[in-house]
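Undergrad: Fold the following for me, if possible:
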Amino acid sequence: MPNQQASQLDRVFHGLADPTRRAVLNRLSSGPAAVSELANPFRMSLPAFLQHLDVLEECGLVKSRKAGRVRTYQLTPQPLKAAEGWLEQQRSLWSRRLDQLDTYLSDLKEQQP
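TA: Residues are numbered from 1 along each chain as shown. Next up, the predicted model:
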């Protein structure tokens, strides 16, 4: 995996690592929302919440636009697709390995008297 792709995956998983950020992404899957709407369910200061939005924007999971005094965020799914591809590769690899282990253990069991 080229360094740029690995670096992008690192940023995406960093963005997904926090439950607040995952909740924001879940909300944005329903459509764009203003900062105030996104921050409302969380019991934290606005500056602390804005740090979460900054992380999500830096890793490319969301993008924002400002119209007047209102900043609106929307989900950008492309980085999630890259992470999904990586996870699928890992799932496939481990599935093969577990199948091989199952075959090996079955062979051992058959060899026992």
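Undergrad: Please make it C-alpha for all contacts and neighbour counts, starting now.
TA: OK.
Undergrad: Report the central residue of this structure.
TA: Closest residue to the average C-alpha location of the chain: L16 at 4.0 Å, with CA atoms, centre = their mean.
Undergrad: My guess is that one contacts R22. True?
TA: Yes: using CA atoms under 8 Å, L16 is in contact with R22, at 5.7 Å.
Undergrad: top helix in this protein by residue count?
TA: When the chain is parsed with DSSP state H, its longest helix is helix 78-111.
Undergrad: Pull out the buried residues from that one.
TA: By neighbour count on 16 or more other CA atoms under 10 Å, the buried set for helix 78-111 is P79, L80, A83.
Undergrad: I'd like to know which of those residues is nearest to L108.
TA: The shortest approach to L108 among the buried residues of helix 78-111 belongs to A83, at 37.3 Å (CA to CA).
Undergrad: Okay, angle between the helix or strand containing D10 and helix 78-111 too, please.
TA: Taking DSSP states H and E as the criterion, D10 maps to helix 3-16. Counting by axes from the mean of the first three to the mean of the last three CA atoms, to 10 degrees, helix 3-16 lies at 90 degrees to helix 78-111.
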